[in-house]
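Chemist: Everything below, folded, please.
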Amino acid sequence: MDIDLNADLGEGFGPWRMGEDEALLEVISSANVACGFHAGDPVIMDRTVRLALRRNVDVGAHVGFPDLMGFGRRPMQIDVGELASYVTYQLAALAGMARAAGHRMTHMSFHGALGNMTAADPALADPLVAAVARFDPSLIVSTSVSAAIEGAAARNRLRTAITFLADRACDDDGLLVPRKLPDAVIHDKAKVLARVRQLLTDGTVTSYHGKRLPMHVDSILLHGDTPGALDLARAVRDDIAATGGRVVPISRQLAGQ
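Modeler: Reported below is the predicted structural model:
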């Protein structure tokens, strides 16, 4: 089994750092890089892309609401056409940084509240995913299970990579549950690893309400800002190897599709 090991990186701002990006880049195969709206800035983006290139790690744009103070995790009411422009702006920013560094942007994903809202609402997913297709039809849309995003990607002839968020609980439809719920974010390393092992060996995930969901995924994501993310990433990589799997970035998994 080939599977991507992914993390959200570049989430500092100015002199403030978040996460252990350099060390994580030794373990993961692809990175979602903040594009300056919910976190990140031009200097951090440039450094992250260059570090990823040296380690042969894929980079993608992590697109969010313009919400630095709330880290993009607060819902915002913004005109859909304006939001589509925000998506294009962030894609262009990371694509430009990658090109200048001699790297290339392979994928994109929606961050935080924007991601949750888009995943649950086809009326939002369709125009935002269409903006991705207009910018670069070769991009892969990396998403957790979402009929809205997967359907929009299919209509726009974009490839998708289904991503399992190892430290986030999902509902019976596979959508992420709100962070305000108890245990929506799973901090216990043993519980996170148990979820990953269940996915790797059984092809299922247990929902927040206890339902066992079949789930075929291309990628496992870890949040770079989670305490202990580096140790967790190493443990997940070891588990993938122990089950006979290989860590392979999604761009290589989907090559030729």
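
Chemist: For Gly256, give me the pLDDT.
Modeler: Predicted confidence (pLDDT) for Gly256: 65.

Chemist: Can you name the helix or strand that the closest residue to Arg155 other than its chain neighbours falls in?
Modeler: Leaving aside its sequence neighbours, Arg155 sits nearest to Asp126 (Cβ to Cβ, 6 or more residues apart in numbering; 7.2 Å). The C-beta positions use only the backbone N, C-alpha and C, and glycine is treated the same way. Taking DSSP states H and E as the definition, Asp126 sits inside helix 122-135.

Chemist: Output the contacting helices and strands for that helix.
Modeler: Contacts defined by 3 or more Cβ pairs under 8 Å, 6 or more residues apart in numbering; DSSP states H and E place helix 122-135 against helix 80-101, helix 112-120, helix 147-155.

Chemist: Just put those in a markdown table and tack on distance to Phe13.
Modeler: What follows is those, written out as a markdown table (distance: least, Cβ to Cβ, whole Å):
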| stretch | distance to Phe13 |
| --- | --- |
| helix 80-101 | 14 |
| helix 112-120 | 15 |
| helix 147-155 | 27 |
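
Chemist: Quick check: which of the ones you listed is buried the most?
Modeler: helix 112-120 (a mean of 22; mean count of other Cβ atoms under 10 Å).

Chemist: what sits up against it?
Modeler: With Cβ atoms under 8 Å, 6 or more residues apart in numbering as the test, helix 112-120 has contacts from 38, 63-65, 67, 71-76, 83, 109-110, 124-125, 128, 143-144, 146, 148-149, 175-176, 178.

Chemist: Filter these down to the buried ones, PyMOL style.
Modeler: Command for PyMOL that selects the buried part of the contacts of helix 112-120, burial taken from 16 or more other Cβ atoms under 10 Å:
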select buried, resi 38+63+64+65+67+71+72+73+83+109+110+124+125+128+143+144+146+148+149+175+176
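
Chemist: Mind listing residues that contact the helix holding Asp126?
Modeler: 80-81, 83-85, 87-88, 91-92, 95, 108, 110, 117-119, 139, 141, 146-149, 151-153, 155-158.

Chemist: same deal with stretch 226-237?
Modeler: Counting by Cβ under 8 Å, 6+ apart, 5, 7, 19-20, 23-24, 27-28, 166-167, 185, 187, 189, 192-193, 196, 220, 222-223, 247 sit against stretch 226-237.

Chemist: what's the answer for stretch 197-217, then?
Modeler: With Cβ under 8 Å, 6+ apart, stretch 197-217 has contacts from 1, 3, 145, 162-164, 169-172, 174, 177, 181, 183-184, 195, 220, 239-240, 243, 245.

Chemist: Among those, name the ones in helices.
Modeler: 195, 239-240 (DSSP state H).

Chemist: Tell me where the stretch 1-150 of the chain is predicted with low confidence.
Modeler: For the stretch 1-150 of the chain, applying pLDDT under 70 flags no range at all.

Chemist: 90 - rerun?
Modeler: Where the stretch 1-150 of the chain drops to pLDDT under 90, the residues are 1, 19.

Chemist: Name the nearest residue to Pro178, sequence neighbours excluded.
Modeler: Nearest non-adjacent residue to Pro178 (Cβ to Cβ, 6+ apart): Ala184, at 6.2 Å.

Chemist: Could you report the neighbour count for that neighbour?
Modeler: Neighbours of Ala184 under the rule other Cβ atoms under 10 Å: 15.

Chemist: for it, phi and psi?
Modeler: phi -70, psi -40 (degrees, to the nearest 10).

Chemist: in the chain, which spans are strands?
Modeler: Under the criterion DSSP state E, the chain carries strands at the ranges 2-9, 30-34, 58-63, 105-110, 140-143, 159-165, 204-206, 212-214, 219-222, 246-247.
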